[in-house]
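Asks: sharing a model that was predicted from the sequence below.
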Amino acid sequence: MLVHFIAIGGSAMHNLAMALQDKGYTISGSDDEIFEPSYSRLKSRGLLPQALGWFPEKIHLRLDAVILGMHARSDNPELLRAQELGVKIYSYPEYLYQQSIDKERVVIAGSHGKTTITAMILHVLKQAGVDTDYMVGAQLDGFEVMVRLSKYAKWMILEGDEYLTSPIDRRPKFLHYHPHIAVLSGIGWDHYNVFPNFDQYLDQFRQLLAQLEPDGQLFYFEEDEVLEKLLADYTLRSQPYGVHPYQLSDKELSLVDRNGAKYPVKLFGRHNFANISAAKAVCSAIGVADDVFYDAIQSFAGASKRMEQVAVRGDRYLFRDFAHAPSKLQASVEALRERFPNHQLVICFELHTFSSMSEGFIDHYKHTLDKADVACVFYDSHAVAMKRLPMMSDKRISEGFGRSLPVIKDSASLVRALKAISSDNNVVALMSSGSFGGLDVQALLSEIGF
């Protein structure tokens with residue numbers, strides 16, 4: 001099979017390219033920019049394009065498929081050439097479905113927690129010896145790639161993203177997967193640029209529910225009021241899950257099973273104990289016994305940049321978290337407050353997504369930082385310009401969060417601000433789906449005394 005990738009440097013795209021290479025396919029690709037870690041990973045596999053840019057001559061009739069990434073535009077010259085020649089064009093979610101059409105598909109969806117739940121399931125299944133294919137949106141310890149496609153695995157575990165499929169397909173990615181088992185972790189408005197009102201956003205999840213395979217099963221978080229109202233309109237084979245019972249002590253956090261047995265875990269935060277319940281429900285449906293699940297989940301350390309402990313020195317900690325939507329940010333702040341009740345909690349949150357940098361959406365962040373002792377917002381004018389949005393005033397940003405806070409515009413100023421904060425008994429968390437203007441985290445650690 002000959003497969004060409006338009007925008008091969010994307011996070012999911014380069015992992016799919018490697019997965020197909022592992023399957024024996026011949027892969028080519030193009031992109032106009034490729035960053036780390038995609039660059040080094042593609043280079044190590046011999047998949048790095050010889051030159052950056054778009055080359056229509058790479059598109060020919062011998063190709064079995066062209067896979068189109070979201071980074072490309074609808075007028076991409078390679079895409080136009082493929083359309084002209086009639087070569088079969090797929091988005092990567094369409095191609096994942098084609099590769100899993102004969103498998104049992106598990107789709108983890110929701111506005112928050114889906115990467116972590118997917119990662120938990122994969123971690124447990126690996127330890128339980130259950131062969132599975134997968135696609136997950138973060139690099140995981142013990143997994144070389146974020147996508148695996150094999151011939152014989154019965155199960156396909158898919159992180160179900162509600163964002164757009166490709167430049168020529170405006171449907172959410174998860175609408176291509178047709179799950180046999182689905183998880184809905186909760187719904188909180190996101191992606192303001194493509195779903196400008198909440199009902200439009202909610203409608204994407206209605207469509208997902210309509211695509212459950214016959215006799216498909218749904219697991220959903222029982223404390224989410226939006227989900228409760230949504231599901232009232234459906235007759236589905238569904239099962240609620242809640243927050244798994246847990247116990248917090250000075251030294252450790254433990255799951256508590258129905259018999260009172262305790263299992264120490266590395267995660268913290270009420271939202272993560274709900275994520276554990278979701279993962280356990282899916283693993284049970286797949287056939288994993290409870291004792292096997294509890295044995296495996298104890299060693300799960302989290303997905304990359306999801307409440308990742310970057311450094312610790314004495315009673316000081318630095319975390320990095322992917323939180324960007326209001327519900328994610330608030331859950332992460334509350335988790336840190338619960339875990340470190342006697343520490344000074346310092347939160348720096350970057351406005352990075354289109355939603356978070358939009359004045360029409362900023363008020364949805366109100367009170368999300370209330371439990372932080374010290375809070376600041378990072379707001380990069382270059383990122384605003386890239387999204388073609390107007391700049392907000394510092395005052396408007398503070399109003400959006402419902403508290404007075406400094407607005408920091410560059411990484412050097414962020415380092416200075418963190419250096420000025422008392423270094424005793426504090427927990428610092430950098431929260432963003434971006435990079436704080438290219439902040440060098442290792443240099444930051446040195447500057448603030450870790």
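Replies: Cool, got the structure.
Asks: from what I see, Lys154 and Val106 are in contact.
Replies: No - assessed by Cβ atoms under 8 Å, Lys154 is found out of contact with Val106, at 10.9 Å. Bear in mind the C-beta positions are built from the backbone N, C-alpha and C, glycine included.
Asks: quick one: which of these two has more around it?
Replies: The residue with more neighbours, out of Lys154 and Val106, is Val106; 28 against 12, by other Cβ atoms under 10 Å.
Asks: pretty sure that one is in a helix, no?
Replies: No - under DSSP: H, G, I helix; E, B strand; the rest coil, Val106 falls outside any helix and is assigned strand.
Asks: does it really touch His180, like I thought?
Replies: Yes - using Cβ under 8 Å, Val106 is in contact with His180, at 7.0 Å.
Asks: low-confidence regions, the chain specifically.
Replies: Nowhere does the chain drop to pLDDT under 70.
Asks: quick one: contacts for Pro49?
Replies: Ile8, Gly29, Ser30, Asp31, Ile34 (Cβ atoms under 8 Å, 6 or more residues apart in numbering).
Asks: for it, give its distance to Ser166.
Replies: 19 Å (Cβ to Cβ, to the nearest Å).
Asks: again, but for Val256
Replies: Val256 is 45 Å from Ser166, by Cβ to Cβ.
Asks: Ser299 and Leu202, how far apart?
Replies: Counting by Cβ to Cβ, the gap from Ser299 to Leu202 is 37 Å.
Asks: how does the protein divide into domains?
Replies: The chain breaks down by automatic domain parsing into domains covering 2-87, 95-297, 308-447.
Asks: tell me the first helix or strand C-terminal of the strand or helix carrying Asp199.
Replies: Using DSSP states H and E, Asp199 falls within helix 198-210. Next along the chain after helix 198-210, taking DSSP H and E as the criterion, comes strand 217-221.
Asks: just checking, what packs against the helix or strand just after that next one?
Replies: Using DSSP H and E, the helix or strand that follows strand 217-221 towards the C-terminus is helix 225-231. Packing partners of helix 225-231 (3 or more Cβ pairs under 8 Å, 6 or more residues apart in numbering; DSSP states H and E): helix 198-210, strand 217-221.
Asks: how about the helices in the stretch 201-350 of the chain?
Replies: In the stretch 201-350 of the chain, the helices defined using DSSP state H, counting those that start in this stretch lie at 225-231, 270-286, 290-297, 326-339.
Asks: how distant is the third one from the center of its chain?
Replies: Translated: helix 290-297. 24 Å (Cα atoms, centre = their mean, to the nearest Å).
Asks: run the angle between that helix and helix 270-286 for me.
Replies: In terms of direction (axes from the mean of the first three to the mean of the last three Cα atoms, to 10 degrees), helix 290-297 departs from helix 270-286 by 130 degrees.
Asks: and stretch 217-224, what's buried?
Replies: Gln217, Leu218, Phe219, Tyr220, Phe221, Asp224 (16 or more other Cβ atoms under 10 Å).
Asks: circling back: what comes up buried for the helix holding Asp199?
Replies: In helix 198-210, counting by 16+ other Cβ under 10 Å, buried: Tyr201, Leu202, Gln204, Phe205, Leu208, Leu209.
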